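>>> need coordinates for the following:
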Amino acid sequence: MIYYRWLDSPLGKLLLTSNGRSLTGLYLQGQKFFPEQTKDWHESQQVDPFVQTQEQIAEYFAYQRQRFDLPIEPQGTAFQKQVWQLLLQIPFGETISYGALAKKIGKPVASRAVGSANGRNPISIILPCHRVIASNGKLTGYAGGLDRKQWLLQHEQTKIVICHSSFVICH
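Predicted structure coming up:
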């Protein structure tokens with residue numbers, strides 16, 4: 001059984017999926033490789049992973065969270081899971097190239113395969129595939145669209161300065 005629910009976000013609607021124990025998907029509406037709903041899908045607002053995800057995503061967009069602490073179970077090949085696991089090591093506000101990521105998994109000539117695995121990431125934002133860019137520094141490939149990738153990177157580079165009881169957002 002797959003549980004699902006929709007969340008509003010600054011990037012548009014987000015589709016969350018879960019097996020009841022863990023988050024299995026976070027998709028941007030209209031993204032490439034968007035899952036197809038079947039009769040096994042059941043809408044639910046209160047599945048534990050959804051409650052936690054909604055809270056942490058809201059904190060992320062409000063500049064109050066840089067790392068997620070959620071039970072996740074992305075479904076994919078062993079290679080894809082290896083790439084997705086490395087995404088969690090990319091610090092908030094930083095980027096890495098596809099080639100550098102390929103070197104980290106011990107396959108320096110596999111940058112295209114890393115890009116393909118990145119594109120199939122089923123848990124966007126939380127597994128921060130948006131932090132992977134071309135070796136020349138340009139934004140390339142993002143299943144949710146380059147405009148959303150750029151927005152996420154800019155969001156993570158925005159600094160919040162707290163001055164007593166007020167705050168200022170700096171770019």
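
>>> sketch out the low-pLDDT regions of this structure for me.
Along the chain, the parts satisfying pLDDT under 70 run over 159-171.

>>> for residue 38, see how far away the most centrally placed residue in it is.
Most central in the chain under Cα atoms, centre = their mean is residue 125, positioned 1.9 Å from the mean C-alpha point. Distance, residue 125 to residue 38, by Cβ to Cβ, to the nearest Å: 24 Å. No exception for glycine: its C-beta is placed from N, CA and C like everyone else's.

>>> by contact count, what packs against the biggest helix by length in the chain?
The longest helix of the chain (DSSP state H) is helix 48-61. Applying 3 or more Cβ pairs under 8 Å, 6 or more residues apart in numbering; DSSP states H and E, we find helix 48-61 packed against strand 2-7, strand 14-18, strand 23-28.

>>> change it to 10 Å
Here helix 48-61 touches strand 2-7, strand 14-18, strand 23-28, helix 146-157, going by 3 or more Cβ pairs under 10 Å, 6 or more residues apart in numbering; DSSP states H and E.

>>> find the nearest non-adjacent residue to residue 76, please.
In this structure, residue 76 finds its nearest non-sequential neighbour in residue 120, 6.3 Å apart by Cβ to Cβ, 6 or more residues apart in numbering.

>>> scratch that, residue 146
residue 139 (5.4 Å).

>>> the residue nearest to residue 76 touches residue 35, doesn't it?
No. Counting by Cβ atoms under 10 Å, residue 120 stays clear of residue 35, with 11.4 Å between them.

>>> more crowded one of the two?
residue 120 (18 against 15; other Cβ atoms under 10 Å).

>>> the more buried one and residue 91, how far apart?
23 Å.

>>> cool, and residue 68?
Counting by Cβ to Cβ, the gap between residue 68 and residue 91 amounts to 13 Å.

>>> which neighbours do these two share?
residue 128 (Cβ atoms under 10 Å, 6 or more residues apart in numbering).

>>> the residue nearest to residue 146 reaches residue 95, doesn't it?
Yes. Applying Cβ under 10 Å as the test, residue 139 and residue 95 come out as touching, 9.2 Å apart.

>>> so what sits against both of these two?
With Cβ under 10 Å, 6+ apart, residue 139 and residue 95 have common neighbours 130, 132, 133, 153.

>>> most neighbours, which of those residues?
Neighbour-wise, the shared contacts of residue 139 and residue 95 (other Cβ under 10 Å) top out at residue 132, 29 neighbours.

>>> which residue packs closest to residue 38, ignoring adjacent ones?
Using Cβ to Cβ, 6+ apart and skipping the chain neighbours, the partner closest in space to residue 38 is residue 2 (7.8 Å).
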